[in-house]
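What follows is a predicted protein model with its sequence.
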Amino acid sequence: MTSNGVPVLVSMFIVTCVTSQVFDWLKHDKFDDLDDKMVAVHHDNCRAKAKSDMLFPTDTVSQIPKFNNLKHRIFYKNRTSLVHLHNMALNRAFFFSYILQKMNTSDFFSIQPNIHYLYMSVTADINANPSGINGSGVYFDYDCYYPNWFTELDFNVTIPLFAPRAWRWDDTMDSDNYLREPTRKVAFVDDIGAGNGNNYTSDSFKMNPWYNMWLPDNDPFLDSANKFTYGTGIKYSNMTGKFTHNEYELFNFFGPNSPGQDMKDDTLLPVRFTRPYFDCNRSNKWVVSAVSPVVDYMPRYLNWTHMRRPRFVGVIVMDIDFKEVDFNPCTVGVGNPGPSHLAGIAKCRDTTRCKHRSGLGFRRDSYTCSCRSGYYLPPSFRRNYKGHSIEQATYDEYMSSFTCLPTKYLHVLPIVEQTRRPVSKDTANSSSSQGYSNGKMVRRRKRSAVHLQFKQSSYDKMIRIFRHIKMVTSANCKTLSDNALHLSGDVAYGVDTQFELQGRTALRLAHFLSNFHQNTGPHEQFGWIRGGGRLHQEHLFGEVFANVMADHKILASAVYYDPYMFENTDGSKKKFFGPLAFQKKGVTYAIDSAGLQRLYVDEQWYRRARERWSTNTGSLKTYKMRPMVRRDRKGSSSVKFEYFPIMYRASDYADGNWIGPTFKCDGNIDAWVITYVTPFFKIEHSTKKLQFAGVVTVDVPLTLLDINQCPQPFYVANAFKNTARCQTRSTKCRPIVGYGMTRGSYRCDCRAGFEYPFKDQKRWFEGHMVDREYEKKQQGIYSRFDTLACRVSCGRSLIPHPLSLVVALVVIKLFYN
């Protein structure tokens, strides 16, 4: 080595030592343990890894959605994907439980969902949810599946294992992907029960943490505790404008359990989540699965019915990429209930409080540090401290920064003694009472010089909207005009994001129908596989039943076929067919809309959808399914299906349309709803032309829509904008989620350079309190509205330093001497 190289090595050694020292404060923690485990397992070595190396701790994913608290709990952005995963698993469990029991006779055996139906169903789960669902499968227990598509198999004979499963295929290197970017529009489907070493019922199978949750179901004494009876009713129609029977034809079926809110035993929930595990030789990703059971009568075809019992014959497994699941790195508390394996790894200082950041997934820096109550940011900072800045800081930077300054001279909220008769709640919240007290006009006080981005005209419009919503009821809706049953579209501002997952539920069904109608024929047969076939009306009734029963935010769901587009199993065509499902008093009902006096094809929203998509199909996306089927009855291996890949064209979520708020006055729903409409298509086999075949709809309640009263530009179509009364000089408005269609669902945060002046463990002013105090001020009643503002951050400078006091006293004494 030359003498010139020695100084270079010494310099590199010094830099390395100094760098390692300044970051020594970042200690190895639980996040690093999981990250090391993720890096150690990949698709090349997963088959040689032990099962324990492919599992994470059970509390790695916290705040798991539970069926019996979905209605009374607010789920934020960091858990909406898990809620949708929960609902989709329950959706498919309801469908297969219903359809298997509804068609549990030898007459219906040939028209039960066949292999095409199952493969295209799991494909639709993937392609309609490009960001939320990474895998979908139906796993049948040992000798519990009766195939109606196996031509070499006798009637009433099972196959040992059958599990159609789809996962998202990485099409980056596919020959037709010239951009070499993943499109998230390709699903790979395989029969997991085929091939050597694929006995997913065995304990040695590495990727089945979901199996022992419900399977095998051999104990009949647990049937009453683990299964629930659901009631359904259907009105069929074989003639336009008339139902077959005026009464509903009732049918009860066994499905997943339905525990009450007080039930604490998680084993009795209808949907349970697995711990994160590595999906080896399939998607080759770390995934989390939502699992729900499928119920059927077993043995299926038996003359001695007393020997049959409702049994868990399989499970629905929905996967989500673990890296896309948010975790809360803050300490366990009210906002972060435990147990949580990764709680407490955030590095916020004592004067700050940790707050989770949604949408970052499995990242260490998914948090911010905001000032605690009684503290404020230094003047040089305008935003809260980001987690990525803290995680990249040296020890000196961390100790000298990322802290807040104490706020002095905090006020205490006054207790005002009321010397006059209090105003009732209804009067205080009503705009008609502004300026009046006990029927007499009260002279309004002069308004102080406050800065408001508030428009009285917008506020008056909001009051009229709320009055109109309250005025229309099921008792008087039939006497009102058609215009009175509709609200303007800007009332539904934000519905496309808040109810996106409900819209994707309709999109999933539209994808399935498009794929089935474009790629199946009525008499297709591929060797020993009997494919194709036609959809039966019970299939579609079961699909809309499942949409309504699995998601409490969906009031109704329907499939509306264009005239003469639906073919019966015998080849005859129906002029109109529109299965519509809804819930009423705990029972799910459905009607064929063809039996209604007012046809759905005459509705304005349907005409618009047909006019748009009848000829304009160029914007539709192309999706793919890569199917693999078993080679023989025993499933010795998997081979490519004769058509590989299978392509179909369908709409995406943005192609659908949200219809403005409407009061459904039909005697069934009788509520204000917002409707999502998405089309599906079929192929005219003679001309190979894509045709508009109909639409799928879901109705969501208007009352669950969160409104945004904060200031917005003039071009934003929001009926409630500019109605918040935050004093914009010192505060800024932020909407609060979870309040639904309620006034005051916002808060006023302090702007940069201002501080919260009260000592009440808060850092903002609630919108409902600001509105109430403003109305009091307008009525001439004592009001705290003028004090609901932040003050300039100078409280700390008001407290003199002790040395300054000594110097001041000395100067004063010398001056007087």
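Cool, got the structure.

So Pro757 versus Leu410, what's the distance?
Going from Pro757 to Leu410 by CB to CB, to the nearest Å gives 6 Å. Glycine gets a C-beta too; all of them are placed from N, C-alpha and C.

what's the answer for Ser619, then?
Taking CB to CB, one finds Ser619 at 58 Å from Leu410.

between the two, who's got more neighbours?
Comparing Ser619 with Leu410 by neighbour count (other CB atoms under 10 Å), the higher total belongs to Leu410, at 15 against 11.

how many neighbours does the residue nearest to the more buried one when sequence neighbours are not counted have?
Using CB to CB, 6 or more residues apart in numbering and skipping residues adjacent in sequence, the residue nearest Leu410 is Lys759, 3.9 Å away. Neighbour count for Lys759, taken as other CB under 10 Å: 14.

and Lys759, what does it touch?
With contact taken as CB atoms under 8 Å, 6 or more residues apart in numbering, Lys759 is in contact with 373-374, 410-412.

Show me how the record splits this structure into domains.
What automatic domain parsing lists as the domains of the chain is 10-40+327-365+375-409, 67-321+497-703, 425-469+717-798.

Just say which of these is most tucked in.
Mean neighbours per residue, mean count of other CB atoms under 10 Å, is largest over the domains of the chain for domain 67-321+497-703, with a mean of 19.

how long is that one end to end?
21 Å (CA to CA, to the nearest Å).

Give me the mean pLDDT for it.
The pLDDT scores in domain 67-321+497-703 average 90.

just to revisit the earlier point, quick one, which of the contacts of Lys759 are buried?
The neighbour-count test (16 or more other CB atoms under 10 Å) applied to those identifies Gly374 as buried.

I'd like the contacts of Lys759 written out as JSON lines, with pLDDT, distance to Met549 and secondary structure added.
Listed next are the contacts of Lys759 as JSON lines, based on pLDDT from 0 to 100; distance: CB to CB, whole Å; DSSP: H, G, I helix; E, B strand; the rest coil:
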{"residue": "Ser373", "pLDDT": "83", "distance to Met549": "44", "secondary structure": "coil"}
{"residue": "Gly374", "pLDDT": "82", "distance to Met549": "49", "secondary structure": "coil"}
{"residue": "Leu410", "pLDDT": "78", "distance to Met549": "52", "secondary structure": "coil"}
{"residue": "His411", "pLDDT": "77", "distance to Met549": "52", "secondary structure": "strand"}
{"residue": "Val412", "pLDDT": "77", "distance to Met549": "52", "secondary structure": "coil"}
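
How much space separates the residue lying closest to Arg309 once chain neighbours are set aside from Trp214?
Nearest residue to Arg309, sequence neighbours excluded (CB to CB, 6+ apart): Pro220, at 5.4 Å. Distance, Pro220 to Trp214, using CB to CB: 14 Å.

try Gly359
To Trp214, Gly359 is 33 Å away according to CB to CB.

Out of the domains of the chain, the one nearest Ala50 is which?
For Ala50, the closest of the domains of the chain is domain 67-321+497-703, at 8.6 Å, according to CB to CB.

What is the subsequent helix or strand relative to the lengthiest helix in the chain?
Counting by DSSP state H, the longest helix found in the chain is helix 80-102. Following helix 80-102 in sequence order, the next helix or strand is helix 115-127 (DSSP states H and E).

Check which helices and strands that next one is in contact with.
Counting contacts by 3 or more CB pairs under 8 Å, 6 or more residues apart in numbering; DSSP states H and E, helix 115-127 packs against helix 80-102, strand 135-140, strand 164-168, strand 186-191, helix 500-519, strand 621-630.
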